[in-house]
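Trainee: whatever this is, show me its structure:
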Amino acid sequence: MVRNLPDGRVEILAEGDKESIDRLIKWCYHGPRGAIVENVEYKFEPYKGDLKDFQIIYH
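Mentor: Okay, here's the model as predicted:
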């Protein structure tokens, strides 16, 4: 799950193996082209297996 927050931050909820999550965290320090990344914070929680797919929803 990825969502833009009203204060300009981006929140990501992801599940996966350690290597994939490590790559995601590393990518977050740079972000997509044109992004200005000022800070990256993350925390690990026990794997639950809740996330099965990813879809983009525009609001």
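Trainee: ranges for the helices of the protein?
Mentor: Along the chain, counting by DSSP state H, helices occupy 18-28.
Trainee: so for it, the centremost residue is which one?
Mentor: By CA atoms, centre = their mean, the chain has its centre lying nearest to I12, at 3.0 Å.
Trainee: that one and I21: what is the separation?
Mentor: 10 Å (CB to CB, to the nearest Å). Where C-beta positions appear, they are placed from N, C-alpha and C, glycine not excepted.
Trainee: and if you look at R9?
Mentor: From R9 to I21 the distance is 19 Å (CB to CB).
Trainee: how about P6?
Mentor: Relative to I21, and taking CB to CB, P6 is found at 26 Å.
Trainee: okay, those two: which has more neighbours?
Mentor: I21 (15 against 5; other CB atoms under 10 Å).
Trainee: what does the pLDDT read for H59?
Mentor: H59 carries a pLDDT value of 62.
Trainee: lowest-confidence helix or strand of this structure?
Mentor: strand 2-4 (a mean of 88; mean pLDDT, DSSP states H and E).
Trainee: before we move on, back to that, which residues touch the residue nearest to the centre of the chain?
Mentor: Residues counted as contacts of I12 (CB atoms under 8 Å, 6 or more residues apart in numbering) are 1-2, 24, 28.
Trainee: again, but for M1
Mentor: M1 neighbours (CB under 8 Å, 6+ apart): 11-14, 51.
Trainee: what separation is there between it and A14?
Mentor: M1 sits 8 Å away from A14 when distances are taken as CB to CB.
Trainee: ditto for R33
Mentor: Distance from R33 to A14, by CB to CB: 21 Å.
Trainee: over to D22?
Mentor: 11 Å.
Trainee: ok, back up a step: and the pLDDT at the residue nearest to the centre of the chain?
Mentor: At I12, the model reports a pLDDT of 91.
Trainee: how close does it get to P6?
Mentor: From I12 to P6 the distance is 16 Å (CB to CB).
Trainee: do G34 as well
Mentor: 20 Å.
Trainee: tell me, how many residues neighbour the nearest residue to E11 once chain neighbours are set aside?
Mentor: The shortest distance from E11 to any non-neighbouring residue, by CB to CB, 6 or more residues apart in numbering, is to R3 (5.4 Å). Neighbours of R3 under the rule other CB under 10 Å: 11.
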